[in-house]
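> Below is the sequence, then the predicted model.
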Amino acid sequence: MTEKDKIVGIVGIYEFLDTIAETAARIFNATNVTFRRIEDNVLRVIGAAGPTAAKVREVLYSVFDNRQIQIEDKCAKRRA
């Protein structure tokens with residue numbers, strides 16, 4: 001199995017968990033649903049639904065595609 005195959009498999013799992021999150025949000029009338037997992041003492045988002053989910057997906061897929069992403073530093077504005 002190549003690295004690309006592993007990544008495609010991982011993305012498939014994330015898409016599956018996103019579907020479960022969307023269903024849970026609908027059933028429980030929730031604004032956001034997020035699934036997290038602890039990996040090596042780091043809490044990672046592995047599935048999400050709701051307004052924040054689009055941003056999570058953008059960041060996640062950018063990492064898989066090896067693209068740079070820009071995240072606004074809101075603390076910098078407060079310091080200025």
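Alright, I've got the coordinates. Residues are numbered from 1 along each chain as shown.
> The nearest residue to Arg44 once chain neighbours are set aside: neighbour count?
Distances taken as Cβ to Cβ, 6 or more residues apart in numbering place Arg37 nearest to Arg44, at 5.5 Å, with adjacent residues excluded. All C-beta atoms are positioned from the backbone trio N, CA, C, and that covers glycine. Counted by other Cβ atoms under 10 Å, the residues lying close to Arg37 total 11.
> Quick check: Arg37 vs Tyr14, distance?
11 Å (Cβ to Cβ, to the nearest Å).
> ok, now Cys75?
Going from Cys75 to Tyr14 by Cβ to Cβ gives 29 Å.
> out of the two, which sits in the busier spot?
Higher neighbour count among Cys75 and Tyr14: Tyr14, with 20 against 8, using other Cβ under 10 Å.
> what's the helix or strand for the more buried one?
helix 3-27 (DSSP states H and E).
> can you check Leu43 too?
Per DSSP H and E: strand 42-49 holds Leu43.
> Partner strands of that strand and their direction?
If you go by DSSP bridges, strand 42-49 pairs up with strand 33-39 (antiparallel).
> Show me which residues of the strand it pairs with are buried.
Val33, Thr34, Phe35 (16 or more other Cβ atoms under 10 Å).
> what is the rounded mean pLDDT of it?
Mean pLDDT, computed over strand 33-39, is 86.
> sorry, back to before: next, show the common contact partners of Arg37 and Tyr14.
Ile46 (Cβ atoms under 8 Å, 6 or more residues apart in numbering).
> is it true that Arg36 touches Val42?
No. Counting by Cβ atoms under 8 Å, Arg36 stays clear of Val42, with 10.0 Å between them.
> hmm, back to that, dump the buried residues of strand 33-39 to CSV, plus distance to Ile46.
Putting the buried residues of strand 33-39 into CSV (distance: Cβ to Cβ, whole Å) gives the following:
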residue, distance to Ile46
Val33, 12
Thr34, 9
Phe35, 5
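> ok, of these, which one's closest to Lys55?
Thr34 (11.4 Å; Cβ to Cβ).
> how close does the closest one get to Ala49?
8 Å.
> Identify the contacts common to these two.
Ala21.
> and the closest residue in space to Asp18 that isn't next to it in sequence, bridged to which residues?
Sequence neighbours aside, Gly47 is the residue nearest to Asp18 in space, at 5.2 Å (criterion: Cβ to Cβ, 6+ apart). Applying DSSP bridges to Gly47 gives these bridge partners: Phe35.
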